[in-house]
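Student: 3D, please:
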Amino acid sequence: MLYLTHDIDWLSPFHPYAWIKCLTHGSKWLKPHQLMHQNIFLNSIESICKHNVQEKINAVWLIGAASGHALSRYGLRYTTNSVNYPILIQLLKKWNCTIGLHSINNESINTQVIQLKSFTGQNVLYHRLHFLKQYNELENDLAQANIKVDFSFGKARQVHLADKNSNTEVKFVPTLLFDNAFFFNKPEEVFSTFSTELRKAIATNKDVAICFHPENFLILPALREYYQEVIRISRNEGAVFHNPASTL
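Tutor: Coordinates of the predicted model:
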């Protein structure tokens, strides 16, 4: 099975770090004129939702649920108190999206799960760590929070088929491809390696995930074409997209 996932790291273009990144990240971040549009991130999220419906793929949307730390180095750039947070929840529910947790290390996973469930009214079954910052007690914390599937293992900038065994009921599904790979490698190299590694996963009945961030579609316009190509390659290799709304 292949899981399509989306991490939501940003909700407001008016966060101070959004403007600082204009100076520090060059072509790997948005332009100042883009940040003048207050709904730019929400609009990108909805655009992806529409596309996924057309493709008949129900992705897992991994969102933050921390009550603070939006200015910390490894925090998400929004909290559950952000103005756009309830709007995000309503938008994802409108498109019948499956919602999971994109956790940070500043608060316990269990606390973040409880907070997310209070907004969605749904059990939180899916998870990925922000920045993939694994730690020794991760599996136990996931099990305690009743997380069933974790996507935290992989490499953000290159195609990589990670391997992680589980000693609990938590299922570790490695993320084979992050869209960040397209910022650091030639697209044809990403496609070729992805195809090869996906074929290996399918041959060994190994579930894997892919991840695309809504803001990256705004930064790199060609990513829409790359996204479509990844879906095409996946289907050509015989991958079956997982439907998280139906079964684990």
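Student: buried ones in the longest helix along the chain?
Tutor: Criterion DSSP state H: the longest helix present in the chain is helix 187-203. Of the residues in helix 187-203, those with enough neighbours to count as buried (16 or more other CB atoms under 10 Å) are 190-191, 193-194, 197-198, 201-202. C-beta coordinates here come from the backbone N, C-alpha and C atoms, glycine included.
Student: next structured bit after it?
Tutor: For helix 187-203, the following helix or strand on the C-terminal side (DSSP states H and E) is strand 208-211.
Student: what is that following strand packed up against?
Tutor: Helices and strands in packing contact with strand 208-211 are listed as strand 2-8, strand 175-178; criterion 3 or more CB pairs under 8 Å, 6 or more residues apart in numbering; DSSP states H and E.
Student: okay, now the sheet partners of that strand, with direction.
Tutor: Strand 208-211 has its sheet partners listed here by DSSP bridges as strand 2-8 (parallel), strand 175-178 (parallel).
Student: wait, which of those strands is closest to N140?
Tutor: With CB to CB as the measure, strand 175-178 is the member of those nearest N140 (21.0 Å).
Student: alpha carbons only: can I get the helix or strand just after that closest one in CSV?
Tutor: Taking DSSP H and E as the definition, the helix or strand that follows strand 175-178 towards the C-terminus is helix 181-184. Listed in CSV are the C-alpha atoms of helix 181-184, where the atom choice follows Å, rounded to 0.1, in the frame of the first residue of the first chain:
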residue,chain,number,x,y,z
ALA,A,181,13.8,16.2,-2.7
PHE,A,182,12.9,18.2,-5.7
PHE,A,183,14.6,21.3,-4.3
PHE,A,184,17.9,19.5,-3.9
